[in-house]
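S.K.: Have a look at this prediction, sequence included:
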There are 4 protein chains.
Amino acid sequence: MVVAVLGCGYWGPNLIRNFLQCAEVEAVIACDPNEQRLEAVRRRFRWVRTTTSVHALLRDPAVEAVAIATPVAFHHELAAAALRAGKHVLVEKPMTRNTREATELVMLADAMGCTLMVDHTFLFTDAVQKLKELISSGELGKPLYFDSVRANLGLFQPDVNVVWDLASHDAAILLYLIEFPPVAVSAVGMRHYYALENLAYITVHYETDFLAHFHVNWLSPVKLRTICIGGSRRMVIYDDMETSEKVRVYDRGVEISSKEGEEQLRVQYRAGQMYAPPLPNQEALTRVVEHFLRCIRTGQRPISDGAFGRAVVALLEAAEQSLSQCGQRIRLSAEYSLPSLPLLFA
Amino acid sequence: MVVAVLGCGYWGPNLIRNFLQCAEVEAVIACDPNEQRLEAVRRRFRWVRTTTSVHALLRDPAVEAVAIATPVAFHHELAAAALRAGKHVLVEKPMTRNTREATELVMLADAMGCTLMVDHTFLFTDAVQKLKELISSGELGKPLYFDSVRANLGLFQPDVNVVWDLASHDAAILLYLIEFPPVAVSAVGMRHYYALENLAYITVHYETDFLAHFHVNWLSPVKLRTICIGGSRRMVIYDDMETSEKVRVYDRGVEISSKEGEEQLRVQYRAGQMYAPPLPNQEALTRVVEHFLRCIRTGQRPISDGAFGRAVVALLEAAEQSLSQCGQRIRLSAEYSLPSLPLLFA
Amino acid sequence: MVVAVLGCGYWGPNLIRNFLQCAEVEAVIACDPNEQRLEAVRRRFRWVRTTTSVHALLRDPAVEAVAIATPVAFHHELAAAALRAGKHVLVEKPMTRNTREATELVMLADAMGCTLMVDHTFLFTDAVQKLKELISSGELGKPLYFDSVRANLGLFQPDVNVVWDLASHDAAILLYLIEFPPVAVSAVGMRHYYALENLAYITVHYETDFLAHFHVNWLSPVKLRTICIGGSRRMVIYDDMETSEKVRVYDRGVEISSKEGEEQLRVQYRAGQMYAPPLPNQEALTRVVEHFLRCIRTGQRPISDGAFGRAVVALLEAAEQSLSQCGQRIRLSAEYSLPSLPLLFA
Amino acid sequence: MVVAVLGCGYWGPNLIRNFLQCAEVEAVIACDPNEQRLEAVRRRFRWVRTTTSVHALLRDPAVEAVAIATPVAFHHELAAAALRAGKHVLVEKPMTRNTREATELVMLADAMGCTLMVDHTFLFTDAVQKLKELISSGELGKPLYFDSVRANLGLFQPDVNVVWDLASHDAAILLYLIEFPPVAVSAVGMRHYYALENLAYITVHYETDFLAHFHVNWLSPVKLRTICIGGSRRMVIYDDMETSEKVRVYDRGVEISSKEGEEQLRVQYRAGQMYAPPLPNQEALTRVVEHFLRCIRTGQRPISDGAFGRAVVALLEAAEQSLSQCGQRIRLSAEYSLPSLPLLFA
């Protein structure tokens, strides 16, 4: 198979490197309007052809699949053009700038019979796969809350705020892990430096007594990458800054009872074992690329298919709307609800 | 001076122990309706007299000061009675169940010429005094945000939710540190076990581009006690779970400029030195008790006087109202605004 | 039972507090030559009688047991006098200044039919009991090494060096945990400030391929309390500075094989799960005191009896001799070998 | 300049990558007896020529410099051949298997007027340069001790023990930082799996009251990389496992005085500020390669020249001898003493 990678900035070369390692990929073509970037690609990867012309690429019948790693503003146009040309598409996260664009891509992929996948790399990490397994197997019990903190100093993006940049990860992980659909989003944030938020707190509401909350921050003195999920049977912390034991499962919780005739509640705390499961430590992007190619080959739907990418966009869109409306709760459309998603290696 | 301590549950004995260490305290009288608790006090403290009668205590002209460490539901009634009897009052946090009660106590203390102080112990820690110094001196620059996390497994309270229990600390620290007044509060939370919230996210809004946020949680697998304050010149993290270097000051930040004629923003990150100032490590409650006695002696207003305690209550009251109104932003009355507060040892 | 506590400096009051909590202790008598210390004891503990006369105490037939918490130089003389007077004795660690003194006490206790126990408090902690269980049950497999680091800034002792002060803990823990006897000790150290070592590295040699090593240091910028034990099946780290999960068990290790005819070794690394068992969190000294009283009552030998205390002293004595002989390996006498020791709650 | 890299296993490609980034390097030739490895090099680096013939390489007058990244057993033979052919040589650490071989290379380099440098990469890290600066500037005061721990699970080496593998780093850092010469080495270790030590404790002795100690371990459940240096004015900890603030400087220490006529020592502890200086975060190997090329160009002696590499080998050789002699103290020859070494960017 011949694969084209559009966009050779920060992420594109990582895609190229991973595609080159796949036995079924015969050739990779890199495309960027900036000739200097192409030169850098040619220096680094011996076997890669390069071009500045997207149109030539898309007209080339040898190209079966296209990966899009451009700024988000170009995702919709390029993906639509590639799908119309009958190419399978892997697009970087966030999928598009809004749900309207996302819906168009979903429909186009369906119409053309092409695979459309969004590169939500985090879903393919050992850690998130382990979280999914803990929830799916019932080990955590009933999920009670999801709390994430994603903070560091920079990188301030020129075109998207901290929500679209950082919270896109948390939104994807949340939607992948939790089977029941969110119903509303609220968000507050701050613009300390320019017209885009560099700090935001996002709450995702459900019809049940489950709650999710993201703290995303480009202005933190230290780098934090923590997700805590409380369940009725176990609680789990995923700290991506740890070099080992990134996922820790705690047999801790609360049981509350009240004896008949007693006013006082009886609260019992369970403080049992903590354990850190071993994680295989494969590069997540390798799995993304392999999953994309397998979906093309077999026709199976990607875990992070167009509908998934659109649900993430819908959540971020609602968060942004809430930001501009003083934290008002914005309802999420039920049409973006997702089916129950599988483990990568089920 | 003779001091009475009302309430000998968990906190009362700590007050007794600290009052006993003060040279100017001639005697401490412990009062509790539960005779078993009084027996425990007598066992532990050789020099303490005990009584089950509040009324006898308050009628005793030898008693000059009263410390109230009962459940919060009794704070108002007992403090009012003590003030009416001309006693100086130190009351545990939160001061009262609502601002109406708090206002009554403030007015009563003024009318009687008595000292009224709320035991917001955290203000008197080395760490919070250091934070105050960093902000007052201008070392942090303009404050940009205040983010706190106060989480652990339990203790579920039978009468107050996690906001009144844990966020009372954060509210007090915030109001002490930040000189400009908050204008509104919003909050979301969850009741996973009974009729009181065990998890809440509280946002405190200001007229400026400053924002404060508290995450309080009784259902966390690990104990977290972290406050991060971002300033335009420095950022500081106070991690109370560290056994040393609880306060760390980071010379980190962002400068954003745009050259004339250029569209692209230029963002520069400053990643300078981190330092942890030495902290003297005196027990905070000792300082509380000494401050209370000094204020009685000199007539100076306590740092955490009735008006301060009321401002904390107003903030928590607004948070609770927001919780019951789906996270609606609740405006704070300007009448509870505080003057600029000093360092303890200025 | 009436118990006397000799020595009311730092540790004595902790013994008094714990004896007072035991139902079978009717009275505690505190003894110290310094009247000020006795006054402090009387202030703190309502029910304690005090005296400056050891001799009166030991002549008092009501006194059944004596706990000795004086400087180590007085341990032998006081313990011997108490044993001769037919009292049961609990003596602080290290038991004596040398093995000669220790042997005298062991023989005296045997002759008098009295219980003699050394307060090696660490053995009675949740953590060390868990380590013992992990080793006894075979979960760790064959023990391969014991590595401990015990470092902090101060407290420089006027009468003993860092080996007798800090390594006495490690020696006791090692001898308790490892069933086979050490055969030699070597040590190097440094005296940076006065005539006693403030830093030392101690190696304990065995006849097998097991090795133990202690790093003890009064001149460390941070406080460290870590023991790592490598076993053929599991490895365990006990970090006493952690506020929770002090003991962590790692399913990690190495398997080395060589195929016939192959020169190259095949090394396989096992990097399985880590888990932290829950620990009950009772005060160790409470267990020490209860164990002492139970041994008196039942006649059972204490875990840390005189022979155990002497084995610790023998190890420290050898370390000190090695320090003075440029790190020469000093053989340990087989006569101080210990029997296999049980768990506290077996 | 044309540079040849001999040995394309784990480290060789890192050297190739760095040489390729240097403007003055016109071409890099990779050499390895294993054609598969050369194929991997050609895939990864577009501009690199490859050969299996060392002899052809060394006869090629265009080749000015040779970097040797083979197993240590080949270092001497290859380096000697390269020097005899008039090439400048950069050789991986440890320089040779023994001091005899090292001395031959030093003499050969002198005789041929060629630059001989040993790739002790750690010396060129931000962290070690900062340590050197702290010591050279007097900020730490008089050095009192050097304590390092270098532990992890594996990688067991087939040809060298843990001392030659891991302690070579500590030996190099110690010799670089501390200006006065070590006089003796003692070491104990264990072979748990095969004929080479997988665990060792090494002590480096000085004529002064300074002491150095390395704990190196291939059988640790967790990865540890810590160096602590105690000085009379400051103490510093370098923890290479931290993702930021790798170097922390503590204003902590001890002052001991004794008043005339008083027996008791007066000990005062200084527990001042801790700070973590910012570190520039350049790849150390880039600096190694640039330093090597600059030394060739200017004729200046490399920081880690042949004499330095030999001093490291002498220390390791003595440690190994001590291992085989039950921890006997092995004297170090004064002929391997080093001059005072400069900062990289002095």
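M.R.: Yep, it's here.

S.K.: ok, now which ones touch A:Gln328?
M.R.: A:Gln328 is in contact with A:186, A:321-322, counting by Cβ atoms under 8 Å, 6 or more residues apart in numbering or on different chains. (Glycine included, C-beta is placed from N, CA and C.)

S.K.: Can I get the buried part of those as one PyMOL selection?
M.R.: Here is the PyMOL command that selects only those of those that count as buried (16 or more other Cβ atoms under 10 Å in any protein chain shown):
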select buried, chain A and resi 186+322
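
S.K.: Redo the contacts of A:Gln328 as a markdown table? Include pLDDT.
M.R.: What follows is the contacts of A:Gln328, written out as a markdown table (pLDDT from 0 to 100):
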| residue | pLDDT |
| --- | --- |
| A:Ser186 | 98 |
| A:Gln321 | 98 |
| A:Ser322 | 98 |
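
S.K.: would you list the contacts of A:Gln328 in TSV and tack on secondary structure and distance to chain B?
M.R.: As requested, the contacts of A:Gln328 are exported to TSV (DSSP: H, G, I helix; E, B strand; the rest coil; distance: Cβ to the nearest Cβ, whole Å):
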residue	secondary structure	distance to chain B
A:Ser186	strand	6
A:Gln321	helix	15
A:Ser322	helix	10
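
S.K.: would CSV of the contacts of A:Gln328 with distance to C:Cys31 be doable?
M.R.: Output for the contacts of A:Gln328, formatted as CSV (distance: Cβ to Cβ, whole Å):
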residue, distance to C:Cys31
A:Ser186, 67
A:Gln321, 76
A:Ser322, 71
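
S.K.: so A:Asp170 touches A:Asp147, yeah?
M.R.: No - judged on Cβ atoms under 8 Å, A:Asp170 makes no contact with A:Asp147 at a distance of 9.8 Å.

S.K.: what residues are shared contacts of these two?
M.R.: Common contacts of A:Asp170 and A:Asp147 (Cβ under 8 Å, 6+ apart): A:Ile227.

S.K.: more crowded one of those two?
M.R.: A:Asp170 (27 against 23; other Cβ atoms under 10 Å in any protein chain shown).

S.K.: follow-up on the earlier one: kindly indicate which of the contacts of A:Gln328 lies nearest C:Glu26.
M.R.: Nearest to C:Glu26, judged by Cβ to Cβ, of these is A:Ser186 at 64.5 Å.

S.K.: Next, the contact list for the closest one, please.
M.R.: A:202-203, A:205, A:319, A:322, A:327-330, B:188, B:327.

S.K.: One more: A:Asp147?
M.R.: A:Asp147 neighbours (Cβ under 8 Å, 6+ apart): A:212-213, A:227-230, B:215, B:217.

S.K.: In CSV, list the C-alpha atoms belonging to stretch A:270-283.
M.R.: Taking C-alpha atoms only, stretch A:270-283 is exported to CSV below (Å, rounded to 0.1, in the frame of the first residue of the first chain):
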residue,chain,number,x,y,z
ARG,A,270,-12.1,0.3,53.0
ALA,A,271,-8.3,1.0,52.7
GLY,A,272,-7.1,-2.2,51.0
GLN,A,273,-4.2,-3.0,48.7
MET,A,274,-2.9,-0.8,45.9
TYR,A,275,-1.4,-2.4,42.9
ALA,A,276,0.3,-1.2,39.7
PRO,A,277,-0.3,-3.6,36.8
PRO,A,278,2.6,-4.1,34.4
LEU,A,279,2.2,-2.2,31.1
PRO,A,280,3.7,-3.6,27.9
ASN,A,281,5.2,-0.2,26.8
GLN,A,282,4.7,-0.2,23.1
GLU,A,283,4.6,3.1,21.3
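
S.K.: buried stuff in it?
M.R.: A:271, A:274-279, A:283.

S.K.: and A:Thr243, how many neighbours?
M.R.: Neighbours of A:Thr243 (other Cβ under 10 Å): 10.

S.K.: on that earlier part again, just put the contacts of A:Asp147 in a markdown table and tack on pLDDT.
M.R.: Output for these, formatted as a markdown table (pLDDT from 0 to 100):
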| residue | pLDDT |
| --- | --- |
| A:Ala212 | 98 |
| A:His213 | 98 |
| A:Ile227 | 98 |
| A:Cys228 | 98 |
| A:Ile229 | 98 |
| A:Gly230 | 98 |
| B:His215 | 98 |
| B:Asn217 | 98 |
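
S.K.: Show me where the stretch 1-150 of chain A dips below the pLDDT cut-off.
M.R.: Counting by pLDDT under 70, the stretch 1-150 of chain A contains no low-confidence segment.

S.K.: how does it look with 90?
M.R.: Applying pLDDT under 90 to the stretch 1-150 of chain A flags the ranges A:21, A:42-47.

S.K.: Show me where it has its strands.
M.R.: A:2-6, A:27-31, A:49-51, A:63-68, A:88-92, A:116-119, A:143-153 (DSSP state E, counting those that start in this stretch).

S.K.: partner strands of the first one, parallel or antiparallel?
M.R.: By that I understand strand A:2-6. strand A:27-31 (parallel), strand A:63-68 (parallel) (DSSP bridges).

S.K.: Which residue would be the closest one in chain A to chain D?
M.R.: With Cβ to the nearest Cβ as the measure, A:Arg46 is the residue of chain A nearest to chain D, at 4.7 Å.

S.K.: Can you tell me which of the buried residues of stretch A:270-283 lies closest to B:Met1?
M.R.: The closest of the buried residues of stretch A:270-283 to B:Met1 turns out to be A:Ala271 (Cβ to Cβ; 43.2 Å).

S.K.: Let me know whether the strand or helix carrying that closest one sits next to chain C.
M.R.: Secondary structure assigned from DSSP states H and E places A:Ala271 in strand A:266-276. Yes - with Cβ under 8 Å from any Cβ of the partner chain as the measure, strand A:266-276 is seen reaching chain C through A:271-276.
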